[in-house]
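Chemist: need a structure here:
(one chain, ligands or ions: 3)
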Amino acid sequence: MDEVTRITVGGERPYDVLVGRNLLDPPPRLLPGAERVAFLHAPPLKGLAERIAEQVRAAGVAPLLIEVPDAEAGKHLDVAAACWDRLGEAGFTRTDAVVGVGGGAVTDLAGFVAACWLRGVRWVPVATSLLGMVDAAVGGKTGINTAVGKNLVGAFHPPAGVICDLATLDSLPPADLAAGLAEVVKCGFIADPVILDLVERDPAAALDPTGSVARELIERAIRVKADVVSGDLRESGVREVLNYGHTLAHAIEKVEGYRWRHGHAVAVGLVYAAALARLAGRLDASTAERHRAVLGLLGLPTTYRADAWQRLLATMRVDKKARGSVLRFVVLDGLARPAILEGPDDELLHAAYREISS
Ligand SMILES: NC(=O)c1ccc[n+]([C@@H]2O[C@H](COP(=O)([O-])OP(=O)(O)OC[C@H]3O[C@@H](n4cnc5c(N)ncnc54)[C@H](O)[C@@H]3O)[C@@H](O)[C@H]2O)c1
Ligand SMILES: O=C(O)C(=O)C[C@@H](O)[C@H](O)[C@H](O)COP(=O)(O)O
Ligand SMILES: [Zn+2]
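Modeler: Numbers count the residues shown, from 1 in each chain. Ligands and ions are numbered 1, 2, ... in the order given. Next up is the predicted model:
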């Protein structure tokens, strides 16, 4: 195992995010006292989940492997219900625990299963995608999708700890690496512009999970998220900044039937939010253009279909940041100066969309 970075997330029950290579041999003991641990995983991570399960068995814990459908197909009520059945059949009590081994979709599901089982048992995400490491596994937002939209059912249920073994990224498809960097770039714009400098200086290095640049980007993004959620777990204020770009992104995901990667939709959503802020007179043109440029360097999409506007607008109306019929967007008043744009009129929303539509 090489050097381990420990980033603490504060709040009622603080926990650590561990970042390093080969952290899982053996896995750190983050769940003391658990007799049974369920390992939720999708098919691509079966081998890793089995390997961890064998190691915990050797340490005297009974593992229960639960395979779930991959990616967004797993974030479904029927899948959660099947997991609860398995926990019940295996006699899981309040001292037992759940581990999610996979990308953000699996860890969102695992956290939600844990949040609801016996009204809340401990859980640990073993994040295996870049996006999972920098975002989904950290901060305690858990949940599933519904027919109406993305992440509409869920719970705030912080984990007992987070494991980010960088060696797992060696098998992550390049498109998923880039998708994860969209959330890293988001952190650059809302809080840590050094992230943007690093990507602009050497985009290829940012995309190489074995190198020091990618590790620095990952750790910087985790620190941004940890700082924000430490003070506002339930998103009653400052946490909304982490939703930068997501109002349009979630609508695109729904229109695409959840077949687009979340990070790709976020990339388009970020460029849209920047256009909106510029047209609203809040953001300078060069910072707005920087969004398109830096995401483009990573090969991420920055435009979306012109003909989808009405469907996107309808979906954005059920965004979680909306209050009644008033839409609210996270925008920038400048680099690293996130703020809220409240109640923009439909013409402004459409004008910004025309700037990013293809
Ligand atoms: N809870 C939060 O705060 C939060 C934050 C950001 C995103 N999310 C959610 O996270 C999800 C997106 O996460 P994602 O980008 O990780 O997508 P994902 O979980 O769908 O994973 C993408 C693909 O990569 C595969 N994969 C993961 N790790 C791998 C590895 N090491 N090797 C090979 N294949 C691997 C997965 O099986 C999947 O096929 C979305 O559902 C999004 O809403 C949640
Ligand atoms: O942690 C947060 O808060 C975020 O908004 C991070 C987002 O990147 C993430 O996609 C989150 O799941 C979106 O949350 P939602 O509440 O809009 O569903
Ligand atoms: Zn996101």
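
Chemist: the helices in the stretch 251-358 of the chain, which residues?
Modeler: Along the stretch 251-358 of the chain, counting by DSSP state H, counting those that start in this stretch, helices occupy 262-279, 285-297, 309-316, 346-356.

Chemist: Show me the one of these that comes nearest ligand 1.
Modeler: helix 262-279 (4.0 Å; C-beta to the nearest ligand atom). C-betas here are computed from N, CA, C, even on glycine.

Chemist: Ligand 2 contacts on the stretch 251-358 of the chain?
Modeler: Selection of the stretch 251-358 of the chain residues close to ligand 2 by C-beta under 6 Å from any ligand atom yields Lys320.

Chemist: circling back to that earlier point, deepest of the helices of the stretch 251-358 of the chain, which one?
Modeler: helix 262-279 (a mean of 26; mean count of other C-beta atoms under 10 Å).

Chemist: which non-adjacent residue is nearest the residue most central in space within the chain?
Modeler: Most central in the chain under C-alpha atoms, centre = their mean is Ala136, positioned 3.0 Å from the mean C-alpha point. Residue nearest to Ala136 in three dimensions, not counting chain neighbours: Gly104, with 3.0 Å by C-beta to C-beta, 6 or more residues apart in numbering.

Chemist: from memory the one you found sits against Ser129, does it?
Modeler: Yes - taking C-beta atoms under 8 Å as the definition, Gly104 is a contact partner of Ser129 at 6.3 Å.

Chemist: Now for these two: what residues contact both?
Modeler: Between them, Gly104 and Ser129 share these contacting residues under C-beta atoms under 8 Å, 6 or more residues apart in numbering: Ala136.

Chemist: Next secondary structure after whichever strand or helix holds Gln55?
Modeler: Assignment of secondary structure by DSSP states H and E places Gln55 within helix 46-58. Downstream of helix 46-58, the first helix or strand assigned by DSSP H and E is strand 62-67.

Chemist: Other residues contacting that following strand?
Modeler: Contacts for strand 62-67 (C-beta under 8 Å, 6+ apart): 35-43, 46, 49-50, 53-54, 56-57, 83, 86-87, 90, 92.

Chemist: What strand or helix carries Arg234?
Modeler: Going by DSSP H and E, Arg234 is not in any helix or strand.

Chemist: so it sits right up against Pro158, yeah?
Modeler: No - counting by C-beta under 8 Å, Arg234 does not reach Pro158; the two are 10.7 Å apart.

Chemist: Close to ligand 2: what parts of the stretch 1-150 of the chain are there?
Modeler: Near ligand 2, when you scan the stretch 1-150 of the chain using C-beta under 6 Å from any ligand atom, you find 135, 139, 141.

Chemist: cutoff 8 Å now
Modeler: Contact residues (C-beta under 8 Å from any ligand atom) of the stretch 1-150 of the chain with ligand 2: 104, 108, 135-136, 138-139, 141, 143, 150.
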